[in-house]
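*Asks:* I'll drop the sequence and a predicted model, then ask my questions.
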Amino acid sequence: MFTLLSRSTTLKHLASSYGMATPRSFARRFIAGEQVEDAIAAARALQAKGLLLTLDYLGESVATTAQATAATREYIRLIDDIVAAEIERNISLKLSQLGLAIDRATCVDNMRRILEPARHHDFFVRIDMEQSDYTEVTLEVFETLWNLDYRNIGVVLQSYLYRTERDLRRMNELGARVRLVKGAYKEPASVAYQQKADVDAAYLRQMRLLLDHGTYPAFATHDVALLDEIKAYAAERNVARDQYEFQMLYGIRRDLQSRFVADGYRMRIYVPFGREWFPYFMRRLGERPANVIFVLRAILREKT
């Protein structure tokens, strides 16, 4: 049902009109806005609080080469806008937005068009991970770019996939920067852990691999128990606080975000924006309704 709703142009128009109507609108809690100016304003507010950031221009699974080309142009324009605004030079993107599902070579070409100005302006570009069907090809594209000497890139791995520990070692050997997440997509038992306890245990095993052998890892989670485990293991292994970072979603557990900065940890906020926020939001609900519970719990647990 949610997937069908995400395709409704009428609902998208209504959501755009009312969901983003005021700074206090519900959607604005989690999406910076529809325009790049909104994202830059949100970024400046975050930086004023001592937080790091990465901007994500929403849009994924494009259907045509023309759409992939348009998204590429938007990211190139975003790089220019960030430079002009003098905010932190860090962006995140999805390969399906650049045409991965249409033609792999086109996707690589589009990535290179983005990475050239990004490298020139000293940006870091994180390639987000998508459904498990995309995992191997995403890593292959990443390795292709790495071997073309683009070193201003990182990738995301999802702890609930059985294959992730192998993929972590693969990225560690390259010296690539990894963001570790639990995983937000609905995946079958044939490829992913289904129980929270198993996902958490996998996350902690992978966290140790990253702190012991990784290159400036990023730990993206709002789970307080996992956060405490990460801090304790880093301290035990004498890993300095500037050798790794934590990451959280825009608008989620702002109390924890501020607390980590006050305690001297590096905390980066993932800031999504763009007109495609409604389809993005609805697809996430359709893929995994448990995401709704996660958001509601995060709001209730937040202490401001």
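*Replies:* That came in fine, so what should we check first? Numbers count the residues shown, from 1 in each chain.

*Asks:* From the chain's centroid, how far away is the longest helix anywhere in the chain?
*Replies:* Ranked by residue count, the top helix of the chain under DSSP state H comes out as helix 65-85. Centre-to-centre, helix 65-85 and its host chain are 17 Å apart (CA atoms, centre = their mean, to the nearest Å).

*Asks:* Can you list the helices and strands that it packs against?
*Replies:* For helix 65-85, the packing partners by 3 or more CB pairs under 8 Å, 6 or more residues apart in numbering; DSSP states H and E come out as helix 36-48, strand 52-57, strand 90-94, helix 104-120. C-beta: built from backbone N, CA, C; applies to glycine.

*Asks:* got the contact list for that helix?
*Replies:* Residues from elsewhere that reach helix 65-85 (CB atoms under 8 Å, 6 or more residues apart in numbering): 36, 40, 43-44, 55, 57, 59, 62, 88-89, 91, 93, 97-99, 102-103, 106-107, 110, 113-114, 117-118, 121, 123.

*Asks:* beta partners for residue 245?
*Replies:* In this entry, residue 245 is beta-bridged to residue 218, by DSSP bridges.

*Asks:* returning to what we had before: pick the most buried one from the helices and strands packed on helix 65-85.
*Replies:* strand 52-57 (a mean of 23; mean count of other CB atoms under 10 Å).

*Asks:* Walk me through which strands that strand pairs with, and which way each runs.
*Replies:* Counting by DSSP bridges, strand 52-57 is paired with strand 90-94 (parallel), strand 267-273 (parallel).

*Asks:* How far away from the center of its chain is the first one?
*Replies:* Centroid displacement of strand 90-94 relative to its chain, using CA atoms, centre = their mean, is 7 Å.

*Asks:* Now do it: everything it contacts.
*Replies:* 52-57, 59-60, 75, 78-79, 82, 114, 118, 123-128, 130, 268, 270.

*Asks:* With residue 219 as the reference, measure out to residue 186.
*Replies:* 23 Å (CB to CB, to the nearest Å).

*Asks:* cool, and residue 256?
*Replies:* 13 Å.

*Asks:* where does the stretch 151-300 of the chain dip in pLDDT?
*Replies:* 280-300 (pLDDT under 70).

*Asks:* what about 90?
*Replies:* 184, 186, 252, 275-300 (pLDDT under 90).

*Asks:* now the helices for it?
*Replies:* 164-174, 196-213, 224-236, 254-262, 277-287, 290-301 (DSSP state H, counting those that start in this stretch).

*Asks:* out of those, deepest packed?
*Replies:* helix 277-287 (a mean of 19).

*Asks:* Can you name the residues bridging to the residue positioned nearest the centre of the chain?
*Replies:* Closest residue to the average C-alpha location of the chain: residue 128 at 5.4 Å, with CA atoms, centre = their mean. Counting by DSSP bridges, residue 128 is bridged to residue 94.

*Asks:* surely it meets residue 156?
*Replies:* Yes. Here residue 128 reaches residue 156: they are 5.2 Å apart, a contact under CB atoms under 8 Å.

*Asks:* that older thread, so for the longest helix of the chain, mean pLDDT?
*Replies:* Average pLDDT, helix 65-85: 98.
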